[in-house]
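*Asks:* got a sequence here, can you model it:
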Amino acid sequence: MGLLLLLLLFLLSIGGRTCEPTAPEPTLEPPPWPRWVHRHWVWENSGTQESAWAFVNAFLEHDIPVGAVIIDRPWQTEPNTFVPDPARYPDLDTLIEAFHGIDVRVFLWITSVINVGASNYDEAKGKGYFLSNGRTIEWWGGEGSLLDYTNPAAVAWWHAQMDPILDLGIDGWKCDATDPYVLTLVPSIGYGGQVTWDEYKDAYYRDFFDYTRNRLGDDRVITARPSDDYFVTGIPLSFAPVDVNFAGWVGDQDPDFSGLRVALSNMFTSAELGYVSYGSDIGGFRDQGEPHPEAFTRWAQLGALCPIMENGGSGEHRPWAYGERIESIYRTYTRLHYELIPYIYSQAAYSFEIGLPTMRPQAGVWTYLLGDELLVAPFYEPGETREIIFPEG
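*Replies:* Numbers count the residues shown, from 1 in each chain. Have a look, this model is predicted:
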């Protein structure tokens, strides 16, 4: 895909708002997301019922609070069958109930692709529920077809697939980004005619957000990309709509300082597009086969001073595995984040209402205001000193 085409796609796919206030005074009404999203999240890239429970409880045993866990891929028999894998998660309902018993919220990973050979694929294809007559795409999870959100019968069928999982009382979905694969269906044709990526991503993320809330209440959320350099071209793109993505994460990065800078770049672009709350995978998502303890520590400090503090991915994400010093730093900054939750929650609510992001980039290298009052200057490269330019006033 050419650079000019990607630039055009970026300009056409901006789903955010400008970074200028749109309302003079806030009403101080509660925001359209629950306070719990600002707690500390943890997750494994590939786990089981036993490992997920052990992973969360290990943080608690090390006196590090946890407010949410993501049950990531693979938790299903195949991606997006909504059927728990009996080998990995034989009693998913029991696990969710147990997490709720210790006040930990639960996200489940999901996309809108059904793979060839999955238990629900043939039915969907036979009934015409996929885009472009079921033409398959090669994606990072296999080969499959994209659900047609323009087909009311397909959406009703999709909801029926989803219902048994919603009946377990989950707290949200991690909606991963397979929506850009619409671009590979040339043309992408749905029940209602041609479907653009902009139309598809709006329908995909909004449906998971709205239907889950309609079923379970307004304290449910999705976590999805706000902005991300998804094609690794240096051109960030927008993903989930601003008005449903209140707890985002900025995609997958390497676990070193270069990955931390990419995360910062994606967060700053997300701010320019008006997204209100997001974070990044502390320590990066990707596994390079070697530890990066200094980058992990600086990333944890950065995460604590973001609206969303979340830690997970491939590789080593347990702070105590890096030694007592880094574990202590991680614990200290997680507690700091919890102390800041009243400030973050109120500032995010106020910022969203007047049309500003909570994270506001400032002059200088990788410096931002968190709300109105806190200036944050994260370490973005090895070392113990850095230059800070303070705002005027």
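*Asks:* what is the neighbour count of the closest residue to residue 77 other than its chain neighbours?
*Replies:* Nearest residue to residue 77, sequence neighbours excluded (CB to CB, 6 or more residues apart in numbering): residue 83, at 4.7 Å. C-betas here are computed from N, CA, C, even on glycine. Other residues near residue 83 number 17, with proximity taken as other CB atoms under 10 Å.
*Asks:* wait, doesn't residue 83 sit right on residue 74?
*Replies:* No - judged on CB atoms under 8 Å, residue 83 makes no contact with residue 74 at a distance of 11.5 Å.
*Asks:* any idea how far residue 42 is from residue 100?
*Replies:* According to CB to CB, to the nearest Å, residue 100 and residue 42 sit 16 Å apart.
*Asks:* neighbour-wise, which of those two wins?
*Replies:* The neighbour count for residue 100 versus residue 42, taken as other CB under 10 Å, is higher for residue 42 (23 against 14).
*Asks:* torsion angles phi and psi at that one?
*Replies:* When read as degrees, to the nearest 10, the backbone of residue 42 gives phi -140, psi 160.
*Asks:* do the one 3 residues further on as well
*Replies:* Main-chain torsions, residue 45, degrees, to the nearest 10: phi -70, psi -40.
*Asks:* repeat for the one 4 residues further on
*Replies:* When quoted as degrees, to the nearest 10, the phi and psi of residue 49 stand at phi -60, psi -40.
*Asks:* can you check residue 87 too?
*Replies:* phi -80, psi -40.
*Asks:* for it, grab the count of nearby residues.
*Replies:* Look at residue 87: counted by other CB under 10 Å, it has 9 neighbours.
*Asks:* show me the contacts for it.
*Replies:* With contact set as CB atoms under 8 Å, 6 or more residues apart in numbering, residue 87 has no partners.
*Asks:* helices or strands next to whichever helix in the chain runs longest in the packing?
*Replies:* Longest helix in the chain, counting residues (DSSP state H): helix 324-354. If contacts are counted by 3 or more CB pairs under 8 Å, 6 or more residues apart in numbering; DSSP states H and E, helix 324-354 sits against strand 40-44, helix 293-304.
*Asks:* neighbours of residue 135, how many?
*Replies:* Using other CB under 10 Å, residue 135 has 14 other residues around it.
*Asks:* scratch that, residue 382
*Replies:* 11.
*Asks:* residue contacts, it?
*Replies:* Residues counted as contacts of residue 382 (CB under 8 Å, 6+ apart) are 257, 294.
*Asks:* please report how far the nearest residue in space to residue 320 that is not next to it in sequence lies from residue 59.
*Replies:* Closest residue to residue 320 apart from its sequence neighbours, by CB to CB, 6+ apart: residue 327 at 4.2 Å. Remark: distance between residue 327 and residue 59 (CB to CB) = 10 Å.
*Asks:* also residue 288?
*Replies:* 23 Å.
*Asks:* just residue 379 next, same as before
*Replies:* Taking CB to CB, one finds residue 379 at 23 Å from residue 59.
*Asks:* in terms of packing, which of the two has more residues around it?
*Replies:* Using other CB under 10 Å as the criterion, residue 379 and residue 59 rank with residue 59 on top: 23 against 19.
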